[in-house]
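In: what shape does this take:
(one chain, ligands or ions: 1)
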Amino acid sequence: MTDSLDKIVSLCKRRGFVYPGSEIYGGLSNSWDYGPLGVELKNNIKKLWWSRFVHRRDDIVGLDAALIMNPKVWEASGHLSNFSDPLSECVKCHMRFRMNESSQISNSQFPISKQNPNSKKETKCPNCGGKFDDPKQFNLMLKTFLGPVESSENIVYFRPETAQAMFVDFKNVLDTTRKTIPFGIAQIGKAFRNEITPGNFIFRTREFEQMEIEYFIKKENWQESFEHWRKEMLLWMEAIGLDLKHIHELEIPAAERAHYSRRTIDFEFDFPFGRKELYGLAYRGDFDLRNHFKEPPYREVVTEFYPHVIEPTWGVDRTFLAVLSSAYDDSDKSRTVLKLKPQLAPYKAAVFPLSANKPDLVSKARDIYLQLKAKSYQLNPVFDDRGNVGKRYYSQDEIGTPFCITVDYQTLEDETVTVRDRDTTKQDRVKISDLGSYLADKISK
Ligand code: ATP
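Out: Residues are numbered from 1 along each chain as shown. The predicted structure is shown next:
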């Protein structure tokens, strides 16, 4: 299984999806940069999410808040006192490790096999075999100073979740929209956690992105709303091409839930390195609003009660990795294919002249490419006239381009082109004038 992670990491680097961060300076531990194709895939994930949960519904509005907030936010939310992981230090070599719920030890410097959740519990240091001291709580918030003076009054924190802004701006949103309970606020943005053991490529990093919804309800409706969001999350996973066979719902026992949660389900996914959390769904009760707004009323309509909150949360980077692991297919010896859902593919179509040294074919192919580019910003077509057609197909398959359009001699006679389907490799002959609607129809499926 870890084999396939290596293949994905290498494809990501080779084709411009993800590069090691600050590489020319020797890198920076577990930081990654999304390259030209990676940013397209990542943006397509975010666009699909926004369209599905904000634009297509009339009960959710968006927000894009500052990611450094007044530290009082983190005091009220409980993050300053509670947002921590247990950390143990080896008494012999002084290496530090994160102890998770099952007292397993994980550290990204060790081979992934040593971190296999199915392996035996380890109670000795994997580095030197030494003993551990008692675990200490380590706060995961990333600190900095705002302004030129590095004094304790100027300490601020990079947000560890996007959620709090949706609570802090709750009254502003109520006052400036016509929303009433039930309704939700959605946000996509960066979050930072000083993780003890980042690792497994982009799975656990200290800087990452989240897509979150805080859905405000009346207390008595929490179970119904929780169930609604559980189903919505599963439908989303299907929509982005994850096989539900690889999704496992895990009910988190009370003792292991985050400090604000009254119920949590983790959606775990079979990543190449094992079954791990992909998304979470939590019932936060009225914990956050009650702490931020000590006294109701928020507005005339909602005077007498604190709304309760259901929170579905999606990690963007983990979505990216799950999508790539699901799409990666090298079972056919002659080619590697990324079977991405067309809506997520960085390029939806590639346009080729059959032969690069026939100027009339090249110029016709260029015209078609430019027409497609002008017609729809969503297509993001690419032009390729290097090498031969076989090599170009190979190259587009590897980055997941669902349709390859070839201009040949027949095109010059009857204004038709061939369109090759990435997954079946079958070709259709399509009129140039119908190309836009042909592709739009296929891509929407
Ligand atoms: P974990 O148990 O893996 O540390 P968590 O339960 O702390 O995750 P949440 O607080 O529920 O995570 O965060 C919501 C989502 O944000 C997660 O489901 C995951 O997709 C993503 N996420 C959390 N931490 C990281 C991280 N360090 N790197 C990348 N994505 C993350």
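In: strands of the stretch 201-350 of the chain, start to end?
Out: Here the stretch 201-350 of the chain has its strands, by DSSP state E, counting those that start in this stretch, at 207-217, 247-251, 263-271, 274-285, 308-315, 328-329, 337-338, 349-353.
In: which residues are contacting the last one?
Out: In this structure, residues lying in contact with strand 349-353 by C-beta atoms under 8 Å, 6 or more residues apart in numbering are 361-362, 364-366, 368-369, 372, 379, 381-385, 389, 392, 396, 401-407, 439. To be clear about C-beta, it is placed using only N, CA and C from the backbone, and glycine gets the same treatment.
In: for the chain, which helix or strand comes out least confident on mean pLDDT?
Out: strand 105-106 (a mean of 48; mean pLDDT, DSSP states H and E).
In: tell me the mean pLDDT over the host helix or strand of Val419?
Out: Secondary structure assigned from DSSP states H and E places Val419 in strand 416-421. The pLDDT scores in strand 416-421 average 98.
In: with stretch 224-233 instead?
Out: 98.
In: after the least confident helix or strand of the chain, which helix or strand is next?
Out: strand 136-139.
In: ok, that following strand: who's next to it in the sheet?
Out: strand 84-89 (antiparallel) (DSSP bridges).
In: got a list of what whichever residue of the stretch 101-250 of the chain sits closest to the ligand touches?
Out: The ligand sits closest to Phe208 of the stretch 101-250 of the chain, with a gap of 3.5 Å, by C-beta to the nearest ligand atom. With contacts defined as C-beta under 8 Å, 6+ apart, Phe208 is in contact with Lys190, Ala191, Phe192, Arg193, Ile202, Gly315, Val316, Asp317.
In: three-state assignment of the first one?
Out: If I follow you right, that is Lys190. Classification of Lys190 using DSSP: H, G, I helix; E, B strand; the rest coil returns strand.
In: now it. Nearest residue, chain neighbours left out?
Out: Glu209 (5.4 Å; C-beta to C-beta, 6 or more residues apart in numbering).
In: so that neighbour touches Gly189, yeah?
Out: Yes: using C-beta atoms under 8 Å, Glu209 is in contact with Gly189, at 6.6 Å.
In: and the contacts of the strand holding Val419?
Out: 368, 393, 402-408, 410-411, 426-432, 435, 438-439.
In: just to revisit the earlier point, out of the contacts of strand 349-353, which end up buried?
Out: Among the contacts of strand 349-353, those classed as buried by 16 or more other C-beta atoms under 10 Å are 361-362, 364-365, 368-369, 372, 379, 381-385, 389, 392, 396, 401-407, 439.
In: show me what from this protein comes close to the ligand.
Out: Neighbours of the ligand within the chain, by C-beta under 6 Å from any ligand atom: 161, 193, 195, 204-205, 208, 210, 277-280, 313, 315, 317-318.
In: in this protein, which residue sits nearest the ligand?
Out: Counting by C-beta to the nearest ligand atom, the chain gets nearest the ligand through Gly315, at 2.1 Å.
In: check contacts around that residue.
Out: Counting by C-beta under 8 Å, 6+ apart, Gly315 touches Phe208, Glu209, Gln210, Met211, Leu278, Tyr279.
In: shaky segments in this protein?
Out: 1-2, 100-122, 296-304, 377 (pLDDT under 70).
In: in it, which residue is most central in space?
Out: Val316 (1.4 Å; C-alpha atoms, centre = their mean).
In: find the nearest non-adjacent residue to that one, please.
Out: Glu209 (3.8 Å).
In: and stretch 164-175, what's buried?
Out: Gln164, Ala165, Met166, Phe167, Val168, Asp169, Phe170, Lys171, Val173, Leu174.
In: follow-up on the earlier one: each with direction, which strands does the strand holding Val419 pair with?
Out: strand 403-407 (antiparallel), strand 427-431 (antiparallel).
In: please name the nearest non-neighbouring residue to Ser77.
Out: Of all residues not flanking Ser77 in the chain, Gln164 sits nearest, at 5.3 Å (C-beta to C-beta, 6+ apart).
In: which helices and strands does the helix or strand where the one you found lies pack with?
Out: Element membership for Gln164 (DSSP H and E) is helix 163-168. On a contact count with 3 or more C-beta pairs under 8 Å, 6 or more residues apart in numbering; DSSP states H and E, helix 163-168 meets strand 68-69, helix 71-76, strand 183-192, strand 207-217, helix 287-292, strand 308-315.
In: recalculate using a threshold of 7 Å.
Out: strand 68-69, strand 183-192, strand 207-217, helix 287-292 (3 or more C-beta pairs under 7 Å, 6 or more residues apart in numbering; DSSP states H and E).
In: winner for burial among these?
Out: Stretch with highest mean neighbour count among these: strand 207-217 (a mean of 23; mean count of other C-beta atoms under 10 Å).
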